[in-house]
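J.: below are the sequence and a predicted model; questions follow.
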Amino acid sequence: MKVDLNLFPHQVAFLNNKKRNLCLAGGVGCGKTEIGIIKSVRKNFEERNSIGVIASNTYRQLVDSTLSRMLIRLDEWKLPYKLNKGSMVLQIAKNPPILCRTLTNWEKLAGIEIGWFW
């Protein structure tokens, strides 16, 4: 499936960067959430044998900003997904699960084997 993306040059550079660990930092409106969504969906399709994690500072940020924007994009891209709001697990198509977590109690993430995170 081909999706037309309208990206800033720094987002294209970030998306095409093959380094293992990347960080995109910037102010409001610079496209951090958008590129995080794109990169996460790509990783979920590429790394078919690994669980991913999407994390935010707080539960409100996770639900109101990160996940709400992600679900809008998945709908726009016509990708089937299921979000279990009880366990906060997102599954896109038949890909591996994505754990949606807050970093308020980051110690709870210890010991989870993951392939990627955002």
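T.: Ah, there it is.

J.: out of the helices and strands in the chain, which is least certain?
T.: Using mean pLDDT, DSSP states H and E, helix 9-16 stands out as the lowest-scoring helix or strand of the chain, at a mean of 80.

J.: which positions in that one come out as buried?
T.: 11, 14 (16 or more other Cβ atoms under 10 Å). C-beta here means a position set from N, CA and C on the backbone, and glycine is covered the same way.

J.: remind me what it packs against, helices and strands.
T.: helix 32-46 (3 or more Cβ pairs under 8 Å, 6 or more residues apart in numbering; DSSP states H and E).

J.: send me the helix it packs on as PDB with only the CA atoms.
T.: What follows is helix 32-46, C-alpha atoms only, in PDB (Å, rounded to 0.1, in the frame of the first residue of the first chain):
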ATOM      1  CA  LYS A  32       7.400  14.800  16.200                       C
ATOM      2  CA  THR A  33       4.100  12.900  16.700                       C
ATOM      3  CA  GLU A  34       3.400  12.500  12.900                       C
ATOM      4  CA  ILE A  35       6.900  11.000  12.200                       C
ATOM      5  CA  GLY A  36       6.600   8.800  15.300                       C
ATOM      6  CA  ILE A  37       3.300   7.400  14.000                       C
ATOM      7  CA  ILE A  38       4.800   6.700  10.600                       C
ATOM      8  CA  LYS A  39       8.000   5.100  12.000                       C
ATOM      9  CA  SER A  40       6.000   3.000  14.500                       C
ATOM     10  CA  VAL A  41       3.600   1.600  11.800                       C
ATOM     11  CA  ARG A  42       6.600   0.900   9.500                       C
ATOM     12  CA  LYS A  43       8.400  -0.900  12.300                       C
ATOM     13  CA  ASN A  44       5.300  -2.900  13.200                       C
ATOM     14  CA  PHE A  45       5.100  -4.200   9.600                       C
ATOM     15  CA  GLU A  46       8.900  -4.800   9.200                       C
END
